[in-house]
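Q: predicted model follows, preceded by the sequence.
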Amino acid sequence: MICPVEIASEMSAFEVARVGDHAGHGLLHAAAVERAMKVQEVMLQAMAKKITWWQAAEIIGISDRHMRRWRETLRRVWIPRIV
């Protein structure tokens, strides 16, 4: 009997990243860090009113509604913790 885990790993979209001692792992991590930095930078620009919130949503690639949710969470949860 073939192990389902082996079949799943063979069919994985991330197979290329696992080849050769995790050769792609650093690249995937770097991309995630770069995206997080981009989101943070865009959010800071929106908070400083250099760009509008809907422009920030467009840059990040999320819907206007999702950005409004993030903005509310930011105002309600994170800003009081910082101040």
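A: Happy to help now that I have it.
Q: wait, isn't residue 51 in contact with residue 43?
A: No: the pair residue 51 / residue 43 is not scored as a contact, 10.1 Å apart, by CB atoms under 8 Å. Backbone N, C-alpha and C define where each C-beta goes, glycine included.
Q: of those two, which one has the most company?
A: residue 43 (17 against 14; other CB atoms under 10 Å).
Q: contact partners for that one?
A: Applying CB atoms under 8 Å, 6 or more residues apart in numbering, we find residue 43 in contact with 56, 70, 74.
Q: what is the burial count for residue 70?
A: Residue 70 - counted by other CB under 10 Å - has 18 other residues nearby.
Q: now do it against residue 60, distance only.
A: To residue 60, residue 70 is 9 Å away according to CB to CB, to the nearest Å.
Q: before we move on, what about residue 43?
A: Residue 43 is 8 Å from residue 60, by CB to CB.
Q: repeat that for residue 45.
A: Separation of residue 45 from residue 60 (CB to CB) stands at 11 Å.
Q: again with residue 78
A: Using CB to CB, one gets 17 Å for the distance from residue 78 to residue 60.
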